[in-house]
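**Q** Predicted model follows, preceded by the sequence.
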Amino acid sequence: GAGVSQTPSNKVTEKGKYVELRCDPISGHTALYWYRQSLGQGPEFLIYFQGTGAADDSGLPNDRFFAVRPEGSVSTLKIQRTERGDSAVYLCASSPSGSVETQYFGPGTRLLVL
Amino acid sequence: KQEVTQIPAALSVPEGENLVLNCSFTDSAIYNLQWFRQDPGKGLTSLLLIQSSQREQTSGRLNASLDKSSGRSTLYIAASQPGDSATYLCAVKGTSGTYKYIFGTGTRLKVLA
């Protein structure tokens, strides 16, 4: 079956620009997570959605980062006024309900801010 | 604040060896611990999930153990193969109403043919 998909796979932008990263979770999964992974590091939690609402956004580094999931399926991570330090791989994961199940990860979007 | 450490950072072994990867965490109040595999340029694949009440989980040549009181988990890989080459990450989920995983920095494994 279809897994978690993320688009684009790669994104190159200039400092100060706005970017949107998209995540399509596995159909029927109500829980969706965004993580950020820098080179040589483990993934760092950003935000967790249960349905349409952000149940935990404690990992968002500052107010330039925002995520939405308006219909409880596809999610978009939005970064305003990008900085070179935002360069990383942004991973999305989904799980059936978010409590005890395994998280299924997408392949990630590699963001490079020049 | 939960911190997860993995040792060693990198490991290179000849094919056929049994090996152990280590994961330690500072806060023993965890809900579960999960081991993941990450291939270069790819997302993460879950290997084993151990609930806090469990001591170990097995899947094929993989065995993961959990000692919550000492804040340690090990991933044992039997009869390693070149296809096992990847980065192995452990992650813990806390008990205090959180749904997020805290990840270690991973062990980069290379199995030589």
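**A** Perfect, I can see it now.
**Q** How about the contacts made by the residue in chain B positioned nearest to chain A?
**A** Residue of chain B nearest chain A, by C-beta to the nearest C-beta: residue B:103 (3.1 Å). C-beta coordinates here come from the backbone N, C-alpha and C atoms, glycine included. With contact set as C-beta atoms under 8 Å, 6 or more residues apart in numbering or on different chains, residue B:103 has these partners: A:35, A:42-44, B:4, B:89-91.
**Q** Now it: closest residue in space that isn't a chain neighbour?
**A** residue A:42 (3.1 Å; C-beta to C-beta, 6 or more residues apart in numbering or on different chains).
**Q** again with residue B:88
**A** residue B:107 is the one closest to residue B:88 (C-beta to C-beta, 6+ apart), at 5.0 Å.
**Q** could you measure that neighbour against residue B:5, distance?
**A** Taking C-beta to C-beta, to the nearest Å as the measure, residue B:107 falls 11 Å from residue B:5.
**Q** More neighbours: which of these two?
**A** Neighbour totals were compared for residue B:107 and residue B:5, and residue B:107 leads with 21 against 14 (other C-beta atoms under 10 Å in any protein chain shown).
**Q** What residues of stretch B:40-48 count as buried?
**A** Across stretch B:40-48, burial judged by 16 or more other C-beta atoms under 10 Å in any protein chain shown covers B:43-44, B:46-48.
**Q** which of those residues are close to chain A?
**A** B:43-44, B:46 (C-beta under 8 Å from any C-beta of the partner chain).
**Q** Find the residue at the geometric middle of chain A.
**A** residue A:34 (3.3 Å; C-alpha atoms, centre = their mean).
**Q** how distant is the host helix or strand of that residue from the center of its chain?
**A** Per DSSP states H and E, residue A:34 falls inside strand A:31-37. Its chain's average C-alpha position is 5 Å from that of strand A:31-37, according to C-alpha atoms, centre = their mean, to the nearest Å.
**Q** That strand and chain B, are they touching?
**A** Yes: counting by C-beta under 8 Å from any C-beta, chain B has neighbours in strand A:31-37: A:31, A:33, A:35.
**Q** re the thing from before, for the contacts of residue B:103, which single residue is the most surrounded?
**A** Ranked by the number of neighbours (other C-beta under 10 Å), the contacts of residue B:103 place residue B:90 first, at 31 neighbours.
**Q** May I have the residues that are in contact with that one?
**A** Going by C-beta under 8 Å, 6+ apart, residue B:90 touches B:4, B:6, B:21, B:23, B:33-36, B:73, B:75, B:103-104.
**Q** Turn the residues you listed into a markdown table, columns for secondary structure and pLDDT.
**A** Shown next, in a markdown table, are the contacts of residue B:90 (DSSP: H, G, I helix; E, B strand; the rest coil; pLDDT from 0 to 100):
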| residue | secondary structure | pLDDT |
| --- | --- | --- |
| B:4 | strand | 96 |
| B:6 | strand | 96 |
| B:21 | strand | 96 |
| B:23 | strand | 97 |
| B:33 | strand | 94 |
| B:34 | strand | 94 |
| B:35 | strand | 96 |
| B:36 | strand | 95 |
| B:73 | strand | 97 |
| B:75 | strand | 97 |
| B:103 | strand | 95 |
| B:104 | coil | 96 |
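**Q** which one of these is nearest residue A:24?
**A** residue B:36 (20.5 Å; C-beta to C-beta).
**Q** you'd agree the closest one is up against residue B:86?
**A** No: using C-beta atoms under 8 Å, residue B:36 is not in contact with residue B:86; the gap is 9.5 Å.
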